[in-house]
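> One predicted model, sequence on top.
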Amino acid sequence: MYLDYNATAPMRPAALKAVQEALHSVGNASSIHHQGRDAAGRVDRARRQLSDLLNCSSGEIIFTSGATEANNLALQAAYVEGGLIVTSAVEHPAVLETARALTSETPTSLNVLPVDRLGQIDLGTFTASLQRDHVALISLMLANNETGVITDLRPVVEAAHSVGALVHTDATQYVGKLPVDLRELDVDLLSLSAHKFGGPQGVGALFIRRGIRLSQRPLVFGGGHERGWRAGTLNVPGIVGLGAAAEAATRDLTDEASRITKLRDLLEDELLTRLPGSYVNGSAAPRLPGVTSITFPGAPADAILASMPDVAASDGSACSAGAPSPSHVLVAMGLGREDADATIRFSLGHATTEREIRRAVAAAVRAVTHVKALMNATAGP
């Protein structure tokens, strides 16, 4: 039972077909001969498919190797020496570590906002953080990768733009799961990865709103690809796979969101009923359809996962798997180390079925019960 879509989603059939077709063709998208023009045409189509999903211009899309690169590129381009970066304690390390690196010589130029028990920032605290000279950039994720908690960016964008700051959002977990309208959202920069919504791994994109003022600071030099933002031969198979996944997501978005929400609710209701004392992190906040972070007090997550080998889930972000410290997201939300270490993230997606959910529930109940019994036996009288 694969319930780790936030780590990577299975490829959609349309995306797999598009990748296979592109792999059978030969051509560098920068070449002017027939094969090159064919590759360029495939890339242009993918750019349009993604822009349709995001409701933006295709000319505002830069293809990257994924959201980590897009986050790095966005923050480095938007950062102004001496300016303030405002972010939150529950951001992905690709944002937090980049922000810390950029402000390493002037740590006071970074303001990492705390979050409440639901994983949300306080709007009043955020607004107060803007009351200083030269706020350069706000970077807040659209949906959290561990809990699925959604950030309402509308008041954030309005407040940031009122002081002349740019707004970047890491939308890696949101795109392809709920509608994104960049004309309405009005953020200046947005990062995404294809493999989170059924495209191939190793490809993503950065949206850069036309007309904003940025210092062009490419991470890779060596050519004028992607309007000078990213040098190197384009990953045509990956890009066309991203485009096909975006097109499929655009078509199925409403129906998929409704169906997956029902499956997530079924998973939560069954586990919380059959395992008293368990709780869902961020349950009272708006969340993505297919993500739930459930704490099973007294049962370490690594032991639970080892006891249900037929269920693919996660004890945190896939990008920090194996880290000896507890989830920084859960700790920021107020969980103690023991509860943070007893938390599992289940994430569902386009191919998840009710049968898988019911089988996963049965496996999880057996695993948690088994682990708690072992822990109690080890503790002794």
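Thanks, I have the structure now.
> Next secondary structure after the helix or strand of the chain with the lowest mean pLDDT?
Here the helix or strand of the chain ranked lowest by mean pLDDT, DSSP states H and E is helix 34-54, holding a mean of 89. Once helix 34-54 ends, the next helix or strand along the chain (criterion: DSSP states H and E) is strand 61-64.
> Not counting its neighbours along the chain, what's nearest D44?
Nearest residue to D44, sequence neighbours excluded (CB to CB, 6 or more residues apart in numbering): S58, at 7.3 Å. For the C-beta atoms, the positions are set from N, CA and C on the backbone; glycine is no exception.
> mind listing what the one you found touches?
D44, R47, R48, L50, S51 (CB atoms under 8 Å, 6 or more residues apart in numbering).
> change it to 6 Å
Residues in contact with S58 (CB atoms under 6 Å, 6 or more residues apart in numbering) are R47, R48, S51.
> Y5 too?
Here Y5 is in contact with S347, L348, G349 (criterion: CB under 6 Å, 6+ apart).
> nearest residue to the second one other than its sequence neighbours?
Of all residues not flanking L348 in the chain, G290 sits nearest, at 3.6 Å (CB to CB, 6+ apart).
> Is the one you found in contact with K262, as I believe?
No. Assessed by CB atoms under 6 Å, G290 is found out of contact with K262, at 10.4 Å.
> Neighbour count for the two, which is higher?
Legend: neighbour count by other CB atoms under 10 Å for G290 and K262, higher for G290 (26 against 13).
> That one and I150: what is the separation?
In this structure, G290 and I150 are 13 Å apart, going by CB to CB, to the nearest Å.
> Same check on A99?
Taking CB to CB, one finds A99 at 21 Å from I150.
> any weak-confidence spans in this structure?
The model of the chain has pLDDT under 70 over residues 30, 316-324, 380-381.
> Let's see stretch 171-182 as PDB, backbone CA atoms only.
What follows is stretch 171-182, C-alpha atoms only, in PDB (Å, rounded to 0.1, in the frame of the first residue of the first chain):
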ATOM      1  CA  ALA A 171       4.200  25.300  -3.500                       C
ATOM      2  CA  THR A 172       5.800  21.900  -4.000                       C
ATOM      3  CA  GLN A 173       3.100  20.000  -2.200                       C
ATOM      4  CA  TYR A 174       0.100  22.100  -3.300                       C
ATOM      5  CA  VAL A 175       0.500  22.300  -7.100                       C
ATOM      6  CA  GLY A 176      -1.500  19.600  -8.800                       C
ATOM      7  CA  LYS A 177      -3.600  18.800  -5.800                       C
ATOM      8  CA  LEU A 178      -5.700  22.000  -5.300                       C
ATOM      9  CA  PRO A 179      -6.300  24.900  -7.800                       C
ATOM     10  CA  VAL A 180      -3.600  27.500  -8.100                       C
ATOM     11  CA  ASP A 181      -4.500  30.800  -9.800                       C
ATOM     12  CA  LEU A 182      -1.400  32.900  -9.900                       C
END
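> can you pull the buried residues of that stretch?
For stretch 171-182, burial by neighbour count (16 or more other CB atoms under 10 Å) applies to A171, T172, Q173, Y174, V175, G176, K177, L178, P179, V180, L182.
> So which of those are in helices?
L182 (DSSP state H).
> Of the buried residues of stretch 171-182, which is the nearest to A303?
Q173 (26.4 Å; CB to CB).
> Who are the contact partners of the closest one?
Counting by CB under 6 Å, 6+ apart, Q173 touches N6, A143, N145.
> okay, now the second one: neighbour count?
Read that as A143. 23.
> Once you drop chain neighbours, what's closest to it?
Nearest non-adjacent residue to A143 (CB to CB, 6+ apart): Y174, at 4.2 Å.
> thought the one you found was touching L142?
Yes. Counting by CB under 6 Å, Y174 sits close enough to L142 to count as a contact (4.2 Å).
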